[in-house]
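Enquirer: Below are the sequence and a predicted model; questions follow.
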Amino acid sequence: MTSVDIRKYFTPLAALPYSLALHLFLLFQVAFYSQWTSAEPIQIGGFFSTGITDADTDNTVLNNYQIENKTNYLADTVFGLQLDTKISVNTRFSAQLVAKDKDNSFDVEAEWLFVSHRLSNNVDIRAGRLRLPIYLISETILVGQSYDWVRPPFEVYSISAGLNQYNGFSTLYKHNFESSLLEFEFMTGQIKGELNILSVTASINSKELYGSQISYKSDRLTIRASTLDIRILVSLPALDIERDSSISMSNIGIHYVEDVWGLISEYSHLKGSQPNTYNSGYYISLYGYIDQWMPIITYGANNIRTSLATAMYRADSVTLGFRYNVSEALSYKAQVTNGEIFDGAGLLILPLLPGFDDKVTIYSMSLNLIF
């Protein structure tokens, strides 16, 4: 009897990091096992983005992405699965599982995991791990196919310092007009995780969280305003600090679309105590439609004051880019960002160090897919 060495069939997997290969396998197992065993239909979708980024500086910029003067293939790489199933006539379960680079490993995390129940035609309640609806694209912030930049403008989307989810409850009220939708959402819960304040890592454990958002949506216009208040225990191991603190954040955004062009803009403000921190930023983007091509230009500015340092940090940037839509599910994007530092410290990010460049150019390309 002839023996067969099955190891050769698995040779291609050797090129993948072990943790990434294992987690991708588990994600697919969850998806297909659910299809086989559930009596109710399950809606399963997914998304994938990857890219190449480089910068003409020896300093690390865009702290959450670790972009510097070498080619980076992991900064914008993310894979996700989204599952949604009906438990009863008015009750649904939803989950979004995401694998992305963090400290050179692709750990799977639940970006959201909740049960929603419809109380009436206008009111839904949700409980579990939920997305904080702060920004215009909070719900799709990891889905690169859903927006036109390679990554959302850092001047605004960094202000939440990575606080994107919470564990708790929300109540959503919707009112449909003839051609538009008005939403009110109120939320409460707790949050636990890490944030970065001018390159200093802080662990946070919230005592309470309250927030709200109001949105208006029509075919051409979307407006969202949000507020968030958190009481937290902040731990700064590097500075041997542990104390009670609070964070208040507000954001307003507008997205207007015409037949051949569109405009999107947001302004965000954060105030924190212990350490005292004031952070504000805004951007404005103008884009057009030329068949499958979408050129886009963005200007953004950011201002930070904190008791961790004595200076006020300010920076701004201009980004030129384009998006090419291969199909509704696949796109290529590229952009060049020129940033400048003035009145103190580092481009969109870090304290001023000896020899820190006051200008930097960041080159980025990405491929984005939904399925």
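Expert: Good, I have the coordinates.
Enquirer: Run through the stretch 51-200 of the chain and note the low-pLDDT ranges.
Expert: For the stretch 51-200 of the chain, the stretches flagged by pLDDT under 70 are 58-69, 103-104, 194-200.
Enquirer: Which stretches in it count as strands?
Expert: 78-86, 91-102, 105-118, 123-131, 165-176, 180-190, 192-197, 200-218 (DSSP state E, counting those that start in this stretch).
Enquirer: Run me through the strand neighbours of the fourth one, direction for each.
Expert: In other words, strand 123-131. Here strand 123-131 is paired, per DSSP bridges, with strand 105-118 (antiparallel), strand 165-176 (antiparallel).
Enquirer: Let's have these in TSV, adding mean neighbour count and distance to residue 288.
Expert: Where you see a C-beta, it was placed from the backbone N, CA and C, and this is true even at glycine. Converted to TSV, those look like this (neighbours: other CB atoms under 10 Å; distance: least, CB to CB, whole Å):
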stretch	mean neighbour count	distance to residue 288
strand 105-118	16	32
strand 165-176	17	31
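Enquirer: right, so of these, which gets closest to residue 271?
Expert: strand 165-176 (18.8 Å; CB to CB).
Enquirer: With just CA atoms, put that closest one into PDB.
Expert: Backbone C-alpha positions of strand 165-176 (Å, rounded to 0.1, in the frame of the first residue of the first chain) are rendered in PDB as follows:
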ATOM      1  CA  GLN A 165     -16.300  50.300  21.900                       C
ATOM      2  CA  TYR A 166     -18.100  50.000  25.200                       C
ATOM      3  CA  ASN A 167     -19.900  47.400  27.200                       C
ATOM      4  CA  GLY A 168     -23.500  48.400  28.100                       C
ATOM      5  CA  PHE A 169     -26.900  49.400  26.700                       C
ATOM      6  CA  SER A 170     -28.200  51.700  24.100                       C
ATOM      7  CA  THR A 171     -31.700  52.900  23.100                       C
ATOM      8  CA  LEU A 172     -32.200  54.000  19.500                       C
ATOM      9  CA  TYR A 173     -35.200  56.000  18.300                       C
ATOM     10  CA  LYS A 174     -35.800  56.300  14.600                       C
ATOM     11  CA  HIS A 175     -38.400  58.500  12.800                       C
ATOM     12  CA  ASN A 176     -38.900  58.100   9.100                       C
END
